[in-house]
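Trainee: Everything below, folded, please.
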Amino acid sequence: MEDKRVGTLIGGKWRVDSLLGAGSMASVYAITHRNGSRAAIKILHETLADDVDICERFLGEGYLTNQVKSQGILTVFDDGMTDDGCPFLVMDLLMGSTLEDYRTAKGGKLPLREVVDIGDKILDTLSAVHSAGITHRDLKPQNVFLTDDGGLKVLDFGVARLHEDRRSQSKLSMVGVVL
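Mentor: Predicted coordinates for the structure are as follows:
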């Protein structure tokens, strides 16, 4: 997969190395900071960047995940706008595969012991998510990432919902909206 952003500089400090994947709303790239640090960047598609509500919801995903204190959640440590006006989130660069890709590579079935271990990690992560007053609302094998070092990350909080009692504390108008 090649893309026009590969080889460009974002925010004057992040060099785009390669396209990792693209979805209906955004693309994710491997990037390198000018200090040599590696990360991933999720950039909203240009065709959606003119919609203020979509941009707010996109950036809100990063702010929402940072409210969760768990090793099972990506850390978003930078955000901003590209030179062409697309919002972005900079986050951990993960090495591994989604649970769906892993299951498929193993012939469609996983051993019970492994399923229990993965399920336990997912439940630990969701416990932290719920303790932060958030409901994920899109948990599926494609949104669970198994890292090469044996860890697990729950991804994609794009349709997550902040619980009623926490909504009034949030500065994000998108939080709690049913999509």
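
Trainee: Using the three-state scheme, assign Ala128.
Mentor: At Ala128, secondary structure determined by DSSP: H, G, I helix; E, B strand; the rest coil is helix.

Trainee: Compute the number of surrounding residues for it.
Mentor: 18 (other Cβ atoms under 10 Å). No exception for glycine: its C-beta is placed from N, CA and C like everyone else's.

Trainee: measure it to Lys106 for me?
Mentor: Look at Ala128 and Lys106: by Cβ to Cβ, to the nearest Å, they are 27 Å apart.

Trainee: How about Arg137?
Mentor: 27 Å.

Trainee: And for Ile54?
Mentor: Distance of Ile54 to Lys106, given as Cβ to Cβ: 36 Å.

Trainee: do Gly72 as well
Mentor: In terms of Cβ to Cβ, Gly72 sits 21 Å off from Lys106.

Trainee: So which of those two has more stuff around it?
Mentor: Between Gly72 and Lys106, counted using other Cβ under 10 Å, the more crowded position is Gly72 (21 against 11).

Trainee: Who are the contact partners of the more buried one?
Mentor: Neighbouring residues of Gly72 by Cβ atoms under 8 Å, 6 or more residues apart in numbering: 121-122, 124-125, 128, 151-154.

Trainee: and those, which two are the farthest apart?
Mentor: Farthest pair in these (Cβ to Cβ) is Ala128 and Gly151. Separation: 13.9 Å.

Trainee: a markdown table please, covering the contacts of Gly72 and showing pLDDT and secondary structure.
Mentor: Shown next, in a markdown table, are those (pLDDT from 0 to 100; DSSP: H, G, I helix; E, B strand; the rest coil):
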| residue | pLDDT | secondary structure |
| --- | --- | --- |
| Lys121 | 97 | helix |
| Ile122 | 97 | helix |
| Asp124 | 97 | helix |
| Thr125 | 96 | helix |
| Ala128 | 95 | helix |
| Gly151 | 96 | coil |
| Leu152 | 97 | strand |
| Lys153 | 96 | strand |
| Val154 | 95 | strand |
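
Trainee: mind putting those in JSON lines, distance to Lys4 included?
Mentor: Formatted as JSON lines, the contacts of Gly72 follow (distance: Cβ to Cβ, whole Å):
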{"residue": "Lys121", "distance to Lys4": "37"}
{"residue": "Ile122", "distance to Lys4": "36"}
{"residue": "Asp124", "distance to Lys4": "40"}
{"residue": "Thr125", "distance to Lys4": "35"}
{"residue": "Ala128", "distance to Lys4": "37"}
{"residue": "Gly151", "distance to Lys4": "33"}
{"residue": "Leu152", "distance to Lys4": "33"}
{"residue": "Lys153", "distance to Lys4": "28"}
{"residue": "Val154", "distance to Lys4": "30"}
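
Trainee: Right, I'll call it a day here.
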